[in-house]
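S.K.: Can you look at this prediction? I've put the sequence above it.
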Amino acid sequence: MDLTNFYNWRYATKQFDIEKPISSKDMNILKEAIRLSPSSYGLQLFKVFIIENQELKRKLRAYSYNQSQISDCAAVFVFCNYTKVSAVDIDEFIELKSSIQEKELSKLNKYGDFLKSTLLKKPSKEVSTWTANQVYIALGNLMTSCAALKIDSCPIEGFQAEEYNKILGLENMTSAVVAAVGYRSSDDFSQKEKKVRKKMNSIFEHK
Ligand SMILES: Cc1cc2nc3c(=O)[nH]c(=O)nc-3n(C[C@H](O)[C@H](O)[C@H](O)COP(=O)(O)O)c2cc1C
């Protein structure tokens, strides 16, 4: 496994092959890449909508500056972050932790109280920024996993979140970022272009 090859192979796909779906086996691996992504305190305060329905994809394209990736890819992943954290979210997390790790609830309650004392008083704008930052970690994992499976993807911020939110019927959540996932069209000119990246020494400094 050469990770650098994956990073060089992938590119922000502009034109997808509309005829090529993602197998359910690969779809499951991609979903696991997102589900297993790390998040702050492990709370996973996000939801990902996977849209394969052509009519719905077309609707979303209209609010994505008409980018063809949205309608032509096999699946649109819409990463939505919570705009609020509630005591219920924290209680559910503590219960999940207790059942998976076979720890007594009473031993975890203190940790739950600590989470509540730090998170419930956060202003909503701060909560949104904090939860949105975390979906980008999952987005990164999705794109690398796609590359490892020779599946193409395009990260997309060029869309109208408010309109997406209405179409998806979101409550206490907002669309943060999108990934169009599928297979490149042989006509996509972008696959032939060289990667434009800064030199190593302008990004990294060893001290
Ligand atoms: C957060 C984010 C948002 C992006 N939004 C769009 C977009 O709306 N439309 C698009 O065609 N490309 C979008 N891109 C792709 C970038 O333009 C692309 O990743 C960058 O130019 C580097 O090229 P490469 O990914 O092909 O190596 C986005 C990339 C990121 C990381």
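M.R.: Now that the structure is in, tell me what you want to look at.
S.K.: Could you break this structure into its assigned domains?
M.R.: Domain ranges of the chain: 12-83+128-188, 86-121, per automatic domain parsing.
S.K.: okay, those, which one's buried deepest?
M.R.: Greatest average neighbour count among the domains of the chain goes to domain 12-83+128-188 (a mean of 18), per mean count of other CB atoms under 10 Å. Glycine gets a C-beta too; all of them are placed from N, C-alpha and C.
S.K.: That domain near the ligand anywhere?
M.R.: Yes. Contact between domain 12-83+128-188 and the ligand, assessed by CB under 6 Å from any ligand atom, occurs at 12, 14, 67, 154-158, 177.
S.K.: Which single one of those residues is nearest to Ser124?
M.R.: Taking CB to CB as the measure, Ser124 sits nearest to Val177 out of the residues of domain 12-83+128-188 next to the ligand, at 19.3 Å.
S.K.: circling back: now render the domains of the chain as CSV, adding distance to Glu205.
M.R.: As requested, those are exported to CSV (distance: least, CB to CB, whole Å):
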stretch, distance to Glu205
domain 12-83+128-188, 22
domain 86-121, 33
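S.K.: Put together a markdown table for the ones you listed, with mean pLDDT and distance to Met200 on each row.
M.R.: Listed next are these as a markdown table, based on pLDDT from 0 to 100; distance: least, CB to CB, whole Å:
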| stretch | mean pLDDT | distance to Met200 |
| --- | --- | --- |
| domain 12-83+128-188 | 98 | 19 |
| domain 86-121 | 97 | 38 |
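S.K.: Can you lay out the residues of domain 12-83+128-188 next to the ligand as CSV showing secondary structure?
M.R.: Output for those, formatted as CSV (DSSP: H, G, I helix; E, B strand; the rest coil):
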residue, secondary structure
Ala12, strand
Lys14, coil
Gln67, coil
Cys154, strand
Pro155, strand
Ile156, strand
Glu157, coil
Gly158, coil
Val177, strand
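S.K.: Can you tell me which of the residues you listed is closest to Ser40?
M.R.: Ranked by distance to Ser40 (CB to CB), the residues of domain 12-83+128-188 next to the ligand are led by Val177 at 16.9 Å.
S.K.: got a list of what the closest one touches?
M.R.: Going by CB atoms under 8 Å, 6 or more residues apart in numbering, Val177 touches 79, 132, 135-136, 139, 155-157.
S.K.: hmm, 7 Å instead?
M.R.: Residues near Val177 by CB atoms under 7 Å, 6 or more residues apart in numbering: 79, 135-136, 139, 155, 157.
S.K.: likewise Val48?
M.R.: By CB under 7 Å, 6+ apart, Val48 lies in contact with 34, 77-79.
S.K.: Could you do Phe77 as well?
M.R.: With contact taken as CB under 7 Å, 6+ apart, Phe77 is in contact with 48, 50, 142, 178-179, 181.
S.K.: just the helices in the chain please.
M.R.: Along the chain, counting by DSSP state H, helices occupy 3-9, 24-35, 54-61, 68-72, 87-100, 105-119, 124-148, 161-168, 200-203.
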